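>>> below are the sequence and a predicted model for it; my questions follow.
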Amino acid sequence: MKTAGLGVSAFAVVATAGLALAQGGVGGLTAGGARIAGAPSATPEELLAAAFETLADVSADRRREAVACVLDAVAPMTDAETRRFAELVNEGAAGSVTADLQQEIDVLMATYPAITADLDACDPYARSVAEEFEDTARFALPVSLDVDRRATLTACLLAAVEPLPRPTRNRIAGLVRDTALYRDPADFEEVAMLAPDAARTIQACLDAADPFAQIAPFIEEGTSEPWTVTRSDAEIRLYNPEGAGAIRHYRLPIGDDTPLGERTISVVLDLPNGDANSHSGLLYAYAAPDSYYMFLVDGAGGAAVWQRTPDGVARVAAVSTEELPPGTAVRGREVELTVVERGGIADFYANGDFIGDLGFAEMGTGQVGIVAWGAGDYVFRGFLEGVVDENTPPPPPA
């Protein structure tokens, strides 16, 4: 907030902008043409609104938001204290800056030291929560990604903080923006301290917006014959010009909080630039270099689950290998492959359409990731491992 060098500590948090104007000769505050400072009939909201009306360079919407924020911040006060606080702010903004006024506000704030930071978050000159989150989306996501993805992230972040009190909401918005801008984990640690549940939701928003947030740390760029791996802002590309049987995969580690048997794993990719022997998709139930499954599409538009064992790679007959639904089996089109776990059963979907399920012992276990198999040019556009949404529809009956 603009302090004009007044140095009035906690009082400055709310009233300094008005005080600064008062020092420039503002003679009083009016509401409907009448000064209301100290008026017995004025409510705390009216008193604060009159104080903030002196801020001609602040929009009316922002002034209203600041008043609401201050009222939320001083909620721990009694009704009498809230009214007196509003009167003090009003009198200070009207130019009545006295030692007695300063002493009274200091005593009042000393009774409620915890609200000082909340009041600071009510700065009428501060940016709105939406503006802060718009910047978060701009800083967190590459400029090459479309504006729709950034708008989705902004909406997700706004929804995450909506249940919180205004001051906490304002503080968190600034911290999340700083996290995206400066990549400083300490900023987000403060968010987690302020509101743990909101912090988890915010992290989920960020993970969902960045198509590779989870798996990117495990991607190794470079060339290792026959594979060349590159990563840009919007895609991961695995290129294999001639290794017909070569397999390359990247996978997530299993942590103590990995919800085995309750996961939904999805990948968005282009149909392979190759032929029926060019495959890419999801790595699933990985246990060892010779023990895992792959849910793949091929260059001809087929979808199937394959199993790797010490004896080699074989198609799992229990899952349909028919072409993808009409209109999706086209080279260059994006395909989303999804595995939804139901305990020891795994359901397989392509572009939201149920392909089949498996109930083998390995289902609901192991590491997951992305995989490419055979010669071809493979483009991945997103990967996500999460918990099964309670709204996920069950597969159709057999």
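Received it, and whenever you're ready, just let me know what you need.

>>> now do stretch 313-329, average pLDDT.
The predicted model gives stretch 313-329 an average pLDDT of 59.

>>> with stretch 218-236 instead?
Averaging pLDDT along stretch 218-236 gives 88.

>>> end to end on that stretch, go ahead and measure it.
The first and final residues of stretch 218-236 sit 12 Å from each other (CA to CA, to the nearest Å).

>>> before we move on, what about stretch 190-202?
Its start and end residues considered, stretch 190-202 measures 13 Å (CA to CA).

>>> from the chain's centre, how far out does that stretch sit?
Taking the mean C-alpha point of stretch 190-202 and that of its whole chain, the gap between them comes to 11 Å (CA atoms, centre = their mean, to the nearest Å).

>>> give me the neighbour count for the closest residue to residue 352 other than its chain neighbours.
By the measure of CB to CB, 6 or more residues apart in numbering, the closest residue to residue 352 outside its immediate chain neighbours is residue 336, 7.3 Å from it. Quick note: C-beta positions are derived from backbone N, CA and C, even for glycine. Residue 336 is surrounded by 15 other residues when neighbours are defined as other CB atoms under 10 Å.

>>> show me the contacts for residue 336.
By CB atoms under 8 Å, 6 or more residues apart in numbering, residue 336 lies in contact with 266-268, 349-352.

>>> which of the residues you listed has the most neighbours?
residue 267 (27 neighbours).

>>> mind putting the contacts of residue 336 in CSV, pLDDT included?
As requested, those are exported to CSV (pLDDT from 0 to 100):
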residue, pLDDT
266, 89
267, 89
268, 87
349, 88
350, 84
351, 79
352, 80
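
>>> surely residue 102 is within a helix?
Yes. Note on residue 102: a helix contains this position according to DSSP: H, G, I helix; E, B strand; the rest coil.

>>> kindly indicate which of the contacts of residue 336 lies nearest residue 141.
residue 268 (15.5 Å; CB to CB).

>>> and this protein, what are its domains?
Following automatic domain parsing, one gets these domains for the chain: 9-120, 135-209, 216-387.

>>> phi first, then psi, for the closest residue to residue 294 other than its chain neighbours.
Leaving out its chain neighbours, the residue that sits closest to residue 294 by CB to CB, 6+ apart is residue 306, at 4.6 Å. Its backbone dihedrals place residue 306 at phi -120, psi 150, with angles given as degrees, to the nearest 10.

>>> isn't there a strand covering the residue nearest to residue 352?
Yes. Secondary structure assignment places residue 336 in a strand (three-state DSSP).

>>> partner residues bridging it?
Listed by DSSP bridges, the beta-bridge partners for residue 336 are residue 268.

>>> model confidence for it, exactly?
What the model reports as pLDDT for residue 336 is 85.

>>> can you offset everything so residue one is 15?
Right, with 15 as the first residue, what we last looked at is residue 350.

>>> so how far is residue 321 from it?
When distance is defined by CB to CB, to the nearest Å, residue 350 is 22 Å away from residue 321.

>>> how about residue 389?
With distances taken as CB to CB, residue 389 is found 21 Å from residue 321.

>>> next, format the domains of the chain as a markdown table and append distance to residue 141.
Conversion of the domains of the chain to a markdown table gives the following (distance: least, CB to CB, whole Å):
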| stretch | distance to residue 141 |
| --- | --- |
| domain 23-134 | 9 |
| domain 149-223 | 8 |
| domain 230-401 | 26 |
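
>>> let's check: the centremost residue of this structure is which one?
Taking CA atoms, centre = their mean, the centroid of the chain lies closest to residue 219, which sits 2.6 Å from it.

>>> of all the domains of the chain, which lies closest to residue 140?
The minimum distance between residue 140 and these falls on domain 149-223, with 6.8 Å, by CB to CB.

>>> measure that closest one end to end?
When the end residues of domain 149-223 are compared by CA to CA, they are separated by 14 Å.

>>> per-residue confidence averaged over that domain?
pLDDT averaged over domain 149-223 equals 85, rounded to a whole number.

>>> same for the longest strand seen in the chain, what does it pack against?
In the chain, ranked by residue count with DSSP state E as the criterion, the top strand is strand 390-401. In terms of contact count using 3 or more CB pairs under 8 Å, 6 or more residues apart in numbering; DSSP states H and E, strand 390-401 is assigned the packing partners helix 210-223, strand 250-254, strand 277-284, strand 293-302, strand 381-387.

>>> ranges for the strands of the chain?
Taking DSSP E as the criterion, the chain carries its strands at 236-238, 241-245, 250-254, 261-265, 277-284, 293-302, 305-312, 317-323, 326-329, 348-356, 359-364, 367-372, 381-387, 390-401.

>>> point out the most buried one among those strands.
strand 381-387 (a mean of 26; mean count of other CB atoms under 10 Å).

>>> that one pairs with which strands, parallel or anti?
Here strand 381-387 has these sheet partners by DSSP bridges: strand 261-265 (antiparallel), strand 293-302 (antiparallel).

>>> next, the angle from that strand to strand 250-254.
40 degrees (axes from the mean of the first three to the mean of the last three CA atoms, to 10 degrees).

>>> and strand 381-387 with strand 390-401, angle?
On the basis of the same axes, to 10 degrees, strand 381-387 is oriented at 170 degrees to strand 390-401.

>>> centre of the chain to strand 381-387, how far?
In terms of CA atoms, centre = their mean, the centre of strand 381-387 is found 25 Å from the chain centre.

>>> restricting to C-alpha, output that strand in PDB.
Output for strand 381-387, consisting of C-alpha atoms alone and laid out as PDB, is shown next (Å, rounded to 0.1, in the frame of the first residue of the first chain):
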ATOM      1  CA  GLN A 381       4.400 -48.000 -12.200                       C
ATOM      2  CA  VAL A 382       2.800 -46.100 -15.000                       C
ATOM      3  CA  GLY A 383       4.100 -43.800 -17.800                       C
ATOM      4  CA  ILE A 384       4.400 -43.300 -21.500                       C
ATOM      5  CA  VAL A 385       5.900 -45.700 -24.000                       C
ATOM      6  CA  ALA A 386       6.700 -46.000 -27.700                       C
ATOM      7  CA  TRP A 387       7.500 -49.200 -29.600                       C
END
